[in-house]
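K.L.:
sharing a model prediction with you, sequence too.
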Amino acid sequence: MADAILSFAVQKLGDFLIQEINLRLSLRDEVTWLRNELLFMQSFLKDAEQKQSGDQRIRQWVFEINSIANDAVAILETYILVYSGKGTSRLKACACICRKEKKFYNVAEEIQSLKQRIMDISRKRETYGITNINYDSGERPSDQVTTTTSYVDDQDYIFVGFQDVVQTLLAELLKAEPRRSVLSIYGMGGLGKTALARNLYNSPDILISFPIRAWIHVSQEYNTMDLLRYIIKSIQGCTKETLDLLERMTERDLKIYLRDLLKERKYLVVVDDLWQREAWESLKRAFPDGKNGSRVIITTRKEDVAERADDRGFVHKLRFLSQEESWDLFRRKLLDVQAMVPEMASLAKDMVEKCRGLPLAIVVLSGLLSYGKELNQWQKVKDHLWKYIKEDKSIKISNILSLSYNDLSTALKQCFLYFGIFPEDKVVKADDIIWLWMAEGFIPRGEERMEDVAEGFLNELIRRSLVQVVNTYWEKVTECKVHDLLRDLAIQKALEVNFFDINNPRKNLKSTSCIRHGIHSEGERYLSSLHLSNLKLRSIMFFDPYICNVFQHIDVFQHLYVLYLEISVDNKSIVPDAVGSLYHLKLLRLRGINDLPSSIGNLKNLQTLVVNSYSSFCQLPCETVDLINLRHLVARYTKPLVHISKLTSLQVLDGVACDQWKDVDPVDLVNLRELSMVRIKKSYSLNNISSLKKLSTLTLCCEDYESFPSLEFVNCCEKLQKLWLQGRIEELPHLFSNSITMMVLSFSRLTEDPMPILGMLPNLRKLKLEEAYEGKEIMCSDNSFSELEFLCLYGLWKLERWDLGTSAMPLIKGLGIHNCPNLKEIPERMKDVGLLI
């Protein structure tokens, strides 16, 4: 882990020497010496990190190395800011720093101080016996990592052996009992309580029986008002009027509002990860008993919480897996079962047996062993685990988790630790975590796109069962999270190397020397404690929605790479011109912000700009097009960015309105892969989209009740793979690009059967028709849909007949039919196909 921090510093020092060609000779020599010393120290880190778990002194040595590396980067960035005058005028930059310091920032003096610290830790290295070691032939170098982006969705793995439990609990939820009742599932962490509840929640029988469903995570630290708001928004939607109303309500008002929303309706609510009876007591009054069979599912680790949730409720204690079930689960999660020779199987069975039937331990162990291809590597894992087995002859899950973490490459360790900075049970968007990793410098530059490499990192963490998938779409993970036991591990490891700090008054975690801060609560107190000693601060992530006046502290943010801000609707913050002085900023994510100043154009290093306004659209200044390194622009904005083609690095453009696009010449957007456009009207032309030669994902949404203009241009998008069209289509194009693999037609209201056209697409694997066709019959002729695997028909209200040719859809393996009340019968061959939720 420390190796990654040091590598980053060495790279920055090297870049500095190359870029600052006018650097005076004495300072150049100092920077060169510093770089070489850190490079030399890097060769000893492998031995130190292997020894530090058992020696506090060595752990401190590694900590000091990290601190020096971070300080070195901060010093050089301040030099660039002050002496080069980048991002602001030199006079302003000097004033910004001199205001709080007695003398001008002296880089040479700072490097001299670092030299002394390096000499001190060199002496300690010899005292502690830290040696320069090479990698064994069977060991993977720390900078080598699998970058494949393939992902296999296998969400059912946890239910090995639990099929009988699922059926029992489903029967309890669906029984003819009109009283609103509570079903409680309890057991220790890692048994699969949440996964079991999710399986019930998404069951087709539940979808049919409960028109209203909601899911909330409670966790140890909760806010009742936030939980109530979340339930209401998930049921009613998130219009600006709703958000404004909910933010003004008291807790009592919210409970009354939710009761009124639910009182005449049959609902299912999952209250996940409940720790305290008081939390349930504060919520349950909001769930009315309409005598219509409504249900609540609670998951908890505590027996007393489960037992006392409902005097007449159903309580289920989740059991451990049997030995046979454990082995079955292990094999299902192993990436290459065929490569497991008998000797390896014998070792694995011993280890699986010692997991004592705990699913989380088993899947993490399987993920760990999946990356060891040789018998001796599996033997090393067993030898390591056996050191920690106590009298009870079982392996502690913490030891398996730590071993899995230690097996990661340096880059993957950084990426995994980053999940720990998010609040407990936080569902993280895959794009967010990928773009954050890029901004932090975790993703190496090379021939592959950084986004593809980062997605490969995420998928590897998933395959190792260190990260859980929450949602997927179009064969990509869209949302993910970490189990709270793994989050605890990430926090523990992060604190050991000063990787990040969580500002949480209850746990009193606060380090002024740490370069990354996560603020989960009491953000105002945090801001009031900031001072110039925080100049090394590189990332700030605010998860406190009630924070305000963040930008009054802009002086302290001069080194920021990441500014991640979420605020509430009634707490609007004004972004000042001074934001343009944050020259090093690579990711700016703002929630609750309605407009940005023109100085945003100064942020030449910005890679990601995400603006989520609580009004429908935000104000982006025309200077946004000066962000020459911008790769991801996600914002619904009102002003047309007519020169948007200047953003030649742009990979993702999400939220542009069609009337802002119609005068754009996109020919220079040579790197754009994903485009999402809204407010399309029939009078506009979309033909210039065909100029986007690398476009692979296209989402187009019409204005309410509007029709699409001509869609013939789609046939010219040679690399288009994923297409979503939402809005009325008066005539479906007879030709689509042959490269399309996934398509959604939503609210198209076609009057002619679309299947003859769509069935000819040679690579189409997933198709969803949602209120897309108003006819009575669809016809899938012989040899059509030759590659189709998944088909969903939703809201085809008039559909009565489906004719399917004997050779059509030969590869179909998933079928979803919802709200097609007049469809009398599905083709015989489709009756054995798996159902899609």
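P.N.:
Structure received. Residues are numbered from 1 along each chain as shown.
K.L.:
okay, CA-based contacts and neighbour counts for the rest of this
P.N.:
Noted.
K.L.:
contacting residues around the nearest residue to Tyr561 once chain neighbours are set aside?
P.N.:
Nearest non-adjacent residue to Tyr561, counting by CA to CA, 6 or more residues apart in numbering: Leu585, 4.1 Å away. Leu585 sits next to His559, Leu560, Tyr561, Val562, Leu563, Leu603, Asn605, Leu606 when contact means CA atoms under 8 Å, 6 or more residues apart in numbering.
K.L.:
roughly how far apart are Leu585 and Thr806?
P.N.:
Distance of Leu585 to Thr806, given as CA to CA, to the nearest Å: 58 Å.
K.L.:
now swap in Ile75 and tell me
P.N.:
71 Å.
K.L.:
between the two, who's got more neighbours?
P.N.:
Shown here are Ile75 and Thr806; by other CA atoms under 10 Å, Ile75 has more neighbours (20 against 14).
K.L.:
test my guess that that one contacts Gln112.
P.N.:
No: Ile75 lies out of contact with Gln112 (CA atoms under 8 Å); the separation is 11.6 Å.
K.L.:
residue boundaries of the helices in the stretch 151-300 of the chain?
P.N.:
Assigned by DSSP state H, counting those that start in this stretch, the stretch 151-300 of the chain shows helices spanning 163-174, 193-201, 204-209, 224-236, 240-248, 251-262, 277-284.
K.L.:
what about Ile58, distance to Ile130?
P.N.:
Using CA to CA, Ile58 is found at 9 Å from Ile130.
K.L.:
Three-state assignment for Pro810, please.
P.N.:
Three-state assignment for Pro810 (DSSP: H, G, I helix; E, B strand; the rest coil): coil.
K.L.:
and if you look at Asp704?
P.N.:
Following three-state DSSP, we place Asp704 in the coil state.
K.L.:
that one and Ile680, how far apart?
P.N.:
Remark: distance between Asp704 and Ile680 (CA to CA) = 9 Å.
K.L.:
between those two, which one's more packed in?
P.N.:
Neighbours around Asp704 and Ile680, counted as other CA under 10 Å, are more numerous at Ile680. The numbers are 25 against 12.
K.L.:
show me what that one is bridged to.
P.N.:
As for beta bridges, Ile680 partners with Cys702 under DSSP bridges.
K.L.:
mind listing what it touches?
P.N.:
Taking CA under 8 Å, 6+ apart as the criterion, Ile680 is in contact with Ala657, Cys658, Asp659, Leu700, Cys701, Cys702, Glu703, Glu706, Phe708.
K.L.:
now do 10 Å
P.N.:
Neighbouring residues of Ile680 by CA atoms under 10 Å, 6 or more residues apart in numbering: 657-659, 661-662, 686, 700-704, 706-709, 726-727.
K.L.:
in helices only, show me these.
P.N.:
Assigned to helices by DSSP state H, the following of those qualify: Cys658, Asp659, Trp661.
K.L.:
tell me the one of those residues nearest Leu227?
P.N.:
Of all the ones in helices among the contacts of Ile680, Leu227 sits closest to Cys658, with 36.1 Å by CA to CA.
K.L.:
quick check: phi and psi on the residue lying closest to Leu761 once chain neighbours are set aside?
P.N.:
Among residues not flanking Leu761 along the chain, Asn738 sits closest, at 5.8 Å (CA to CA, 6+ apart). The phi and psi values for Asn738, taken as degrees, to the nearest 10, are phi -70, psi -10.
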